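**Q** Generate coordinates for the sequence data below:
(one chain, ligands or ions: 1)
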Amino acid sequence: MKRTTLLAYAAAALAIAGCATTQNSSSSTTPQEQHRPQFHFTPPAQWMNDPNGMVYYDGEYHLFYQHNPDSTVWGPMHWGHAVSTDMVHWEHLPIALYPDSLGTIFSGSAVVDANNTSGLGTRDTPPMVAIYTYHNADGERAGRNDFQTQGLAYSLDKGRTWKKYERNPILKNPGIKDFRDPKVSWNEKANQWIMTLAVLDHIEFYGSDNLKDWTKLSEFGKNAGGHGGVWECPDLFPLTINGQQKWVLLVSINPGGPNGGSATQYFIGNFDGRTFTSDNPPQTTLWIDYGTDNYAGVTWANVPASDGRRLFLGWMSNWLYANEVPTSTWRSAMTAPRELSLIQTEAGIRLANVPVKEMQKLRTGTTPLKAQEVNGPLDLSGQYNLSMPLLELDLDLDVARAQEAVLRFSNSKGEHLDVGYSVADKQLYIDRTQSGMVSFKDNFPGVYKAPLTVQDGKLRLHLLLDVASVEVFANGGQSVMTSIFFPNEYYNKVELISKGITGLQESKAYPLQSTRK
Ligand code: FRU
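**A** Predicted structure coming up:
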C-alpha cells in the first residue's frame, strides 16, 4: 500500500473513531484492518464462512461458524464460537469443535434437547446437541464418494465445552459426495426430531427419537427450484400468515445465484411431519436476498415462544471471490441478524426479511430528513451533516415521476457505490464497479439486480451501511440486496441522485456506533 493511501486511511480512521462514540480501539482501524466491519460479526482472526449451530439458550444467542484458525483462506474446518444476549454485541469464545479422526467439521446445527431424548445429559441439565458434517479429506483424496457423514457432539455447560459422541458417525454416507449440512429441529406433528439434509441436488428428510439414530423419511427438490449448482445448508421452519401455518424451506445453492455464484433460495409449502410439498410457482426460483453476499444463512433454534420471531443470519460473502477479498488479518463477516416473515404480494406469498429490532441499539441519534423534491443530485450527508460511514437510512421515496432514483455513497477518491431503483425496469440494483478495490477478482465488480414492483410510486429504502458492506431492504424487506465492497478510503458522502423527479418524503437517518471493543 502506498504511503499516501496510508495517510488518507489514517485520517479517515480518526474521523470514524471520533464519530462512533463507543469505538475505543485503534487496533480495529490499523491499515491491516482497513475493511473490518464495525457492527457486523467478524471472527477475531483468520478465515470464517457459514454460520453454524445457531441456537438460543438461557439468555444467550449462540453463533458457531465455519472457521480455519490457521489461515485467512478456507482450509481444515473447525467450529468457531461466539455468544450474544442481543445478536448485536458478541463475545468471542474458544473454538468449540476441532477436527478428529473422522474428518474436519463442516456445517451443521445445534438444538437444546430439553427432554434429554438423547440421554446425553439429564432432565435438570439438558444437553446442547450439535449435529454437523464430518468431511474426511483423506477419503476424498483417495477417490471415495462416501467421505461426508454426520456427527454429533454435546455440551452440558451452555456450549462452553464439547464432547464428541463416542459412536460417531450417526448417519453414514450412502455413496453421494455431497451429503451435508444437517439442520435439526423438533417437529410437534411427527413427535420426533427432523433432520433436513442437503444431498447434491435435493433435500433429504430424516427422523429420530433420540438425535442418535436416524431413518430416512422423504426427498424433495430434484425437479424444483434452482439447480445451477450444488444444494447446501438447508433449513425448515413454520411461519404463519393470516392465521395459516406455512412451512419454509431454505436451500443455499452454489453456484447458480440470481447474480452469479452463491445465493439462498426458498420454497413455501407444507411439511406434514414426513414430506415437504412446495407451493412455489413453477419455473420461479425465489431468493431470500438477491445481492451477491448473503450465503448459507439459517435460523436460530430454540427461540422462546414468548419471543416468537424467526431469526436469520447469513455469511456475507460469495464463493466466487471469498478467498480473495482484500483483507489481511481475517476474512469475511456475517450479515446483520434479520427477522423473517411471510407477506402477501401480488405475485403470491413471499418471504420478507428485515434487520432485527435489536439493531436499533446501534443508533446514536436520529436525523430527520425533511420532505423535498429532488431532480438531479442532492447531497444528503452535506445537508444534514451525516456521520459516516456507519449509517442507517430509512427513506420514503415517491418515484412516480422519476426514471431512476440512486443513492450514491462516495469518498474523496471518486470511488462510489450506487444503490438504485430503475422505475422502467422495475429493478433494484447495486453497482459496485467503481466502489474501490475491485480488481482482486474479475468476477467481483458488477451491477447486480433484483426485481421490485412498487405500487403508486412508493419506494421505501431501508439501508445499513458499515465500513465494507451495504444491506438494502426495499419495501419492508420484500426485495433485499446485500453487497460487500472495499473502498480505499471510507465513504464519507451520500447523495440522492434523481433522474426525473423523486419525492423524498419525511425520512430518517441514524448515525450508528461500532460494536468493536
Ligand atoms: C457452504 C459450505 C457447506 C459446507 C461448508 C464447508 O458454504 O460449502 O456446504 O458444509 O461450506 O466449509
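**Q** Can you point out the buried residues in stretch 305-317?
**A** Buried residues in stretch 305-317, counted by 16 or more other Cβ atoms under 10 Å: 309-317. For every residue, glycine as well, the C-beta is placed using N, CA and C.
**Q** Out of these, which sit inside strands?
**A** Mapping those onto strands (DSSP state E) picks out 310-315.
**Q** Could you dump those residues into CSV and include pLDDT and distance to V251?
**A** Below are these laid out as CSV (pLDDT from 0 to 100; distance: Cβ to Cβ, whole Å):
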residue, pLDDT, distance to V251
R310, 98, 16
L311, 99, 19
F312, 99, 14
L313, 98, 16
G314, 99, 13
W315, 99, 15
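**Q** Quickly check the buried residues of stretch 305-317 for the two that are furthest apart.
**A** R309 and S317 (25.1 Å; Cβ to Cβ).
**Q** Quick check: residues of the stretch 1-150 of the chain near the ligand?
**A** For the stretch 1-150 of the chain, the contact set with the ligand under Cβ under 6 Å from any ligand atom comprises 49-50, 66, 77, 106-107, 133.
**Q** Where strands are concerned, which of those residues count?
**A** In strands, judged by DSSP E, the following of these are found: 49-50, 66, 106-107, 133.
**Q** Where neighbours are concerned, which of those residues has the most?
**A** Of all those, S107 has the most neighbours under the rule other Cβ atoms under 10 Å, reaching 28 neighbours.
**Q** My understanding was that that residue contacts N52; is that so?
**A** Yes - counting by Cβ atoms under 8 Å, N52 is a contact partner of S107 at 5.2 Å.
**Q** what's the overlap in contacts for the two?
**A** Residues touching both S107 and N52 by Cβ atoms under 8 Å, 6 or more residues apart in numbering: 66, 132.
**Q** On the pLDDT front, check L390 for me.
**A** On the pLDDT scale, L390 is placed at 98.
**Q** For it, grab the count of nearby residues.
**A** Neighbour count of L390, defined by other Cβ under 10 Å: 25.
**Q** repeat for G119
**A** 11.
**Q** In terms of helices and strands, where is the residue nearest to it when sequence neighbours are not counted?
**A** In space, and not counting its chain neighbours, G119 is closest to N210: 6.9 Å by Cβ to Cβ, 6 or more residues apart in numbering. Following DSSP states H and E, one finds N210 outside all helices and strands.
**Q** Point out the residues in the stretch 251-400 of the chain that sit beside the ligand.
**A** Neighbours of the ligand within the stretch 251-400 of the chain, by Cβ under 6 Å from any ligand atom: A296.
**Q** mind listing what Y290 touches?
**A** Neighbour list for Y290: 258-259, 263, 428, 448-451, 479-481 [criterion: Cβ under 8 Å, 6+ apart].
**Q** ok, 6 Å please
**A** Contact analysis of Y290 by Cβ atoms under 6 Å, 6 or more residues apart in numbering lists 258, 450, 481.
**Q** Same question for Y56.
**A** Y56 neighbours (Cβ under 6 Å, 6+ apart): 300, 302-303.
**Q** Counting neighbours, which of those comes out on top?
**A** Using other Cβ under 10 Å as the neighbour criterion, W300 leads the contacts of Y56 with 25 neighbours.
**Q** wait, that one sits on L311?
**A** Yes - under the criterion of Cβ atoms under 6 Å, W300 is in contact with L311, at a separation of 4.5 Å.
**Q** The stretch 301-450 of the chain: strands as residue ranges?
**A** 310-315, 330-331, 338-345, 348-355, 367-369, 372-379, 391-410, 416-422, 427-431, 447-451 (DSSP state E, counting those that start in this stretch).
**Q** In terms of secondary structure, what does the first one contact?
**A** Where contact means 3 or more Cβ pairs under 6 Å, 6 or more residues apart in numbering; DSSP states H and E, strand 310-315 is packed against strand 46-57, strand 295-299, strand 338-345.
**Q** Other residues contacting that strand?
**A** Strand 310-315 has contacts (Cβ under 6 Å, 6+ apart) with 49-51, 237, 239, 294-297, 299-300, 303, 334-335, 337-338, 340.
**Q** repeat that with 7 Å
**A** 49-51, 54, 87, 237, 239, 264, 294-297, 299-300, 303, 332, 334-335, 337-340, 353, 356 (Cβ atoms under 7 Å, 6 or more residues apart in numbering).
**Q** do the fifth one as well
**A** The set of residues that contact strand 367-369 without belonging to it, under Cβ under 7 Å, 6+ apart, is 380, 384, 386, 504, 506-509.
**Q** what about the nearest residue to A405 once chain neighbours are set aside, how many residues close to it?
**A** Using Cβ to Cβ, 6+ apart and skipping the chain neighbours, the partner closest in space to A405 is T502 (4.4 Å). Residues lying near T502 (other Cβ under 10 Å) number 30.
**Q** Q372 is in contact with T502, correct?
**A** No - contact criterion Cβ atoms under 7 Å: T502 and Q372 do not qualify, at 9.6 Å.
**Q** low-confidence ranges in the stretch 351-500 of the chain?
**A** Within the stretch 351-500 of the chain, no stretch has pLDDT under 70.
**Q** tell me the strands in the stretch 151-300 of the chain, going along the chain?
**A** Under DSSP E, counting those that start in this stretch, the stretch 151-300 of the chain gives strands at 163-164, 179-187, 192-199, 202-208, 215-220, 230-241, 244-254, 263-271, 276-278, 286-287, 295-299.
**Q** in the fourth one, what counts as buried?
**A** If I follow you right, that is strand 202-208. 202-208.
**Q** out of those residues, who's nearest the ligand?
**A** Set against the ligand, the nearest of these by Cβ to the nearest ligand atom is I203 (12.9 Å).
**Q** thinking that closest one is in contact with L217, fair?
**A** No - using Cβ under 7 Å, I203 is not in contact with L217, being 10.9 Å away.
**Q** Got the domain ranges for this structure?
**A** 6-11+44-320+337-355, 365-511 (automatic domain parsing).
**Q** Which one, of the ones you listed, ends up nearest to Q32?
**A** Closest among those, once you apply Cβ to Cβ, is domain 6-11+44-320+337-355, at 10.5 Å.
**Q** picking up where we left off before, pick the most deeply packed of the strands of the stretch 301-450 of the chain.
**A** Greatest average neighbour count among the strands of the stretch 301-450 of the chain goes to strand 310-315 (a mean of 24), per mean count of other Cβ atoms under 10 Å.
**Q** Can I get it as PDB, trimmed to CA atoms?
**A** Provided in PDB are the C-alpha atoms of strand 310-315 (Å, rounded to 0.1, in the frame of the first residue of the first chain):
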ATOM      1  CA  ARG A 310     -37.800 -16.500  13.200                       C
ATOM      2  CA  LEU A 311     -34.300 -15.100  13.300                       C
ATOM      3  CA  PHE A 312     -31.900 -15.400  10.500                       C
ATOM      4  CA  LEU A 313     -28.200 -14.700   9.800                       C
ATOM      5  CA  GLY A 314     -26.100 -15.400   6.700                       C
ATOM      6  CA  TRP A 315     -22.500 -15.400   5.600                       C
END
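**Q** Single out the residue in the stretch 251-400 of the chain that lies closest to the ligand.
**A** The stretch 251-400 of the chain approaches the ligand most closely through A296 (4.4 Å), counting by Cβ to the nearest ligand atom.
**Q** residues contacting the nearest residue to that residue once chain neighbours are set aside?
**A** Leaving aside its sequence neighbours, A296 sits nearest to D50 (Cβ to Cβ, 6+ apart; 3.7 Å). Going by Cβ under 7 Å, 6+ apart, D50 touches 65-66, 107, 233, 296, 315.
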